[in-house]
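>>> coordinates only, sequence not included:
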């Protein structure tokens, strides 16, 4: 079993041992500049430990790596069945393949999204992403690239990998894995085929400049230290003595480590500070230039980071930039991951199957869909191609048994009589629920409203997710301030304090946290309100268009125009207050529990603060929480719009009924499967589970979190 424990980097002996092995496999490379007469800094190499440390210590490295890994992990790894028709490769999902379960649940601690995120971030950061396949229980575990080394026989053939870890403070633990137990995704290195090349090796100058420039600003300008000194020596000092003295001063008083040490000079030597203004340094210009280098290492468009100089969201420039980002960075990284998977599972997959990322939902790669649809329509109407041939040539889909059965005099497929015409936007009079639902869904697609709402929902989810993450960071900052404010009341590690005193102190801290957290409420609601209101309006208009005919729509719209947007804003603001309180209370409870555990175990304030920081900076956990909150809130906003449409329809048309639509798959709640196509009670307006509509915020959280159900309306 692989345990993803943190490496004990504070053990000098361990680091030296591992570094010796790394240098052995990397040819003993040295990045020092031997031409320098002396150096104010020790030689710094971006070895594997330094690379991994960048993720935790350098903001822009984390930003770009997290962006790449997040986008990749949002695309599902699935198994497809492939075939070749007329020289073109066609694929279709193979969900029933036995390996799909392994991909969906790689190990007990991680789902596929988290597992893929770690693999992608390792491959992006270090150029190498390694996964151990525990064949005994068919589990997949990520292994940090800094912990593992390839091993070779006497003929330089790869035999396996050795994993080095700290078993205790005095002992190195080394475990050997066979080559066929490790899946190794690597960015190609032109000079070495067994280990990948990190893009940050080439960009190390910019990365280190960024880090040290910030420390320079903090140390010399914020703390008031002097950046340089001018020494006046006696006349009888020769050149050799001057250089020796200069080297001594550089070693003893230079570099970042020694910036606050007192200065001792020989008799007769005078030291004067040399001051340089911040403007003269032009550090901001150079920092921005280096930031551009870091971004360009991964071809990330500025629009993704909201630092573009021009070009609005949705512009042609932005679409082209995002498409290029997918084609030059994200898709190649995905191929680096797919390759080892397919090679490792080749026998279990079989000849016709392959593991791939599902890119069908990536909007940036779907720019040509409208053009493809127009071309397909022209080809079918021309009579030159049948619908099945168009599917193969244009959309690369396999033919369907009845795929040529379309109505039209120019289609070469079999002709069928058209069904009885149904007036546009009119539900069949027999009131059959499923026909009503299908009619509504078709009308949404024809009008283009479904795609508009989906696009708005994606944007809203991302925006709210960022707002929630920002709120978590503000909560962390507030928690640290409150803890230090109350530090005098904390029990000393060596002193046992009565339970009553600890309980009283915790209650006081919790009250302060809730009060301080509340100062962010208005800002949080304001940031979310615009996007949520637009989404709620689309949800309302969509269900009206899907459920009623033209005359009824006009009557409902006349009622609705008198209520909006004030009504939706009021409802969404009320929901925003409830959402903020839930986030605030959940966060404060986590903080209080952590403080209490630290107090009762005798931990120092520093240790308690570090534990709380870990809670709010764990990218995987916090990102998952923010994603869940964002998706729930966007879903609720849409359903609030649906409910508003229901009330307007009742005012305009009289009795109207709500019908529950369930998205049924393997993850659907059992209670929601049974609700599919059921009607709400005319008297209470609620469904059998007590909800007024899917994602009803007044309902049981177990019934609404991550719910994907919908509803449609029908006139009685």
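Perfect, I can see it now. Quick caveat: nothing in here was measured; it's all calculated off a predicted structure.
>>> which helices and strands does the longest helix belonging to the chain pack with?
In the chain, with assignment by DSSP state H, the single longest helix is helix 449-485. Contacts defined by 3 or more CB pairs under 8 Å, 6 or more residues apart in numbering; DSSP states H and E place helix 449-485 against helix 433-447, helix 499-517, helix 521-547, helix 566-600, helix 605-617, helix 619-653. For the C-beta atoms, the positions are set from N, CA and C on the backbone; glycine is no exception.
>>> And the shortest one, what's buried?
This points to helix 605-617. Within helix 605-617, the residues scored as buried using 16 or more other CB atoms under 10 Å are 605, 608, 609, 612, 615, 616.
>>> So for it, mean pLDDT?
Average pLDDT, helix 605-617: 83.
>>> Mind splitting this structure into its structural domains?
Split into domains by automatic domain parsing, the chain comes to 12-198, 446-646.
>>> who wins for proximity to residue 271 among the ones you listed?
domain 12-198 (16.0 Å; CB to CB).
>>> tell me the contacts of the closest residue to residue 626 other than its chain neighbours?
Closest residue in space to residue 626, ignoring its immediate chain neighbours: residue 468 at 4.1 Å, by CB to CB, 6 or more residues apart in numbering. If you count contacts by CB atoms under 8 Å, 6 or more residues apart in numbering, residue 468 has them with 583, 625, 626, 629, 630.
>>> In PyMOL, how would I select the buried members of the residues you listed?
Buried residues among the contacts of residue 468 (16+ other CB under 10 Å), as a PyMOL selection:
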select buried, resi 583+625+626+629+630
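>>> What segments of the protein are strands?
77-85, 88-93, 128-134, 139-143, 148-152, 158-168, 171-178, 182-186, 228-232, 270-274, 353-357, 656-661, 710-715 (DSSP state E).
>>> Format those as TSV; extra columns: mean neighbour count, mean pLDDT and distance to residue 483.
Output for the strands of the chain, formatted as TSV (neighbours: other CB atoms under 10 Å; pLDDT from 0 to 100; distance: least, CB to CB, whole Å):
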stretch	mean neighbour count	mean pLDDT	distance to residue 483
strand 77-85	16	88	42
strand 88-93	13	81	51
strand 128-134	22	94	37
strand 139-143	21	94	33
strand 148-152	17	89	38
strand 158-168	16	75	30
strand 171-178	12	72	36
strand 182-186	22	94	41
strand 228-232	12	73	39
strand 270-274	11	74	38
strand 353-357	21	94	43
strand 656-661	22	88	47
strand 710-715	22	86	45
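>>> Relative to residue 340, which of these is closest?
Of all the strands of the chain, strand 182-186 sits nearest to residue 340, with 3.9 Å by CB to CB.
>>> between the closest one and strand 128-134, how big is the angle?
170 degrees (axes from the mean of the first three to the mean of the last three CA atoms, to 10 degrees).
>>> Need the residues that contact strand 182-186.
119, 123, 127-133, 140, 143, 148, 160-161, 195-196, 336-337, 339-341, 343-344.
>>> what angle do that strand and strand 148-152 make?
Using the same axes, to 10 degrees: strand 182-186 against strand 148-152 is 100 degrees.
>>> I'd like to know which helix or strand in this protein has the lowest mean pLDDT.
Sorting the helices and strands of the chain by mean pLDDT, DSSP states H and E puts helix 433-447 at the bottom, at a mean of 42.
>>> Any figure for the gap between the residue of the chain most remote from its centre and residue 485?
When distances to the mean C-alpha position of the chain are computed (CA atoms, centre = their mean), the maximum falls on residue 236, with 65.3 Å. Residue 236 sits 59 Å away from residue 485, going by CB to CB, to the nearest Å.
>>> For residue 299, which of the helices and strands packed on helix 449-485 is the nearest?
helix 619-653 (22.0 Å).
>>> Please identify the buried residues of the closest one?
619, 622-623, 625-627, 629-653.
>>> so where's the stretch 201-350 of the chain uncertain?
205-228, 234-235, 237, 251-261, 274-290, 308-317 (pLDDT under 70).
>>> one step back: any buried residues in the longest helix of the chain, and which?
Quick answer for helix 449-485 (16+ other CB under 10 Å): 449-450, 453, 456-457, 459-461, 463-465, 467-469, 471-472, 474-476, 478-480, 482-483.
>>> Could I get the average pLDDT for that helix?
81.
>>> relative to helix 521-547, how tilted is it?
Orientation of helix 449-485 against helix 521-547 (the same axes, to 10 degrees) gives an angle of 160 degrees.
>>> now helix 449-485 against helix 566-600, angle please.
Using the same axes, to 10 degrees: helix 449-485 against helix 566-600 is 40 degrees.
>>> going forward can the numbers begin at 14, since that is how I track them
Got it, the first residue is 14 from now on, which makes the last one we talked about helix 462-498.
>>> wait, doesn't residue 308 sit right on residue 316?
No - assessed by CB atoms under 8 Å, residue 308 is found out of contact with residue 316, at 11.3 Å.
>>> ok, back up a step: adding distance to residue 714 as columns, could you present the helices and strands packed on helix 462-498 in TSV?
TSV is the format used below for these (distance: least, CB to CB, whole Å):
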stretch	distance to residue 714
helix 446-460	27
helix 512-530	20
helix 534-560	19
helix 579-613	9
helix 618-630	21
helix 632-666	9
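>>> Excluding chain neighbours, what is closest to residue 694?
residue 700 is the one closest to residue 694 (CB to CB, 6+ apart), at 7.6 Å.
>>> Identify the residues contacting the one you found.
671, 673, 688, 691, 693, 694, 706.
>>> So among those, which ones count as buried?
671, 673, 688, 693, 706.
>>> Tell me the one among those nearest to residue 214.
Distances from residue 214 to the buried ones among the contacts of residue 700, taken by CB to CB, are shortest for residue 706, at 53.9 Å.
>>> ok, residue 370 - contacts?
By CB under 8 Å, 6+ apart, the residues touching residue 370 are 85, 88, 89, 90, 91, 347, 350, 351.
>>> Beta-bridge partners for it, please?
Beta bridges link residue 370 to residue 90, judged by DSSP bridges.
>>> measure it to residue 474 for me?
Noted for residue 370: a distance of 20 Å to residue 474, by CB to CB.
>>> Residue 533 too?
Distance from residue 533 to residue 474, by CB to CB: 21 Å.
>>> likewise residue 367?
Note on residue 367: its distance to residue 474, by CB to CB, is 30 Å.
>>> how about low-confidence regions in the stretch 464-613 of the chain?
Ranges of the stretch 464-613 of the chain meeting pLDDT under 70: 464-466, 502, 504-512, 578.
>>> can you give me the helices in the stretch 264-413 of the chain?
291-294, 296-309, 315-318, 329-338, 344-357, 359-362, 382-395, 400-406 (DSSP state H, counting those that start in this stretch).
>>> Pull out the buried positions in the third one.
Judged by neighbour count using 16+ other CB under 10 Å, the buried positions of helix 315-318 are 316, 317.
>>> which other helices and strands contact it?
helix 72-86, helix 329-338.
>>> now that helix, how far from the centre of its chain.
Computed by CA atoms, centre = their mean, to the nearest Å, the chain-centroid distance of helix 315-318 equals 15 Å.
>>> about what we covered before: dump the contacts of residue 370 to JSON lines, plus distance to residue 721.
Output for the contacts of residue 370, formatted as JSON lines (distance: CB to CB, whole Å):
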{"residue": "85", "distance to residue 721": "23"}
{"residue": "88", "distance to residue 721": "18"}
{"residue": "89", "distance to residue 721": "15"}
{"residue": "90", "distance to residue 721": "21"}
{"residue": "91", "distance to residue 721": "18"}
{"residue": "347", "distance to residue 721": "25"}
{"residue": "350", "distance to residue 721": "27"}
{"residue": "351", "distance to residue 721": "28"}
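>>> Show me which of these is closest to residue 683.
Using CB to CB, the contacts of residue 370 come closest to residue 683 at residue 89, 23.3 Å.
>>> Now do the phi/psi pair for the closest one.
Backbone torsions of residue 89, given as degrees, to the nearest 10, read phi -80, psi 140.
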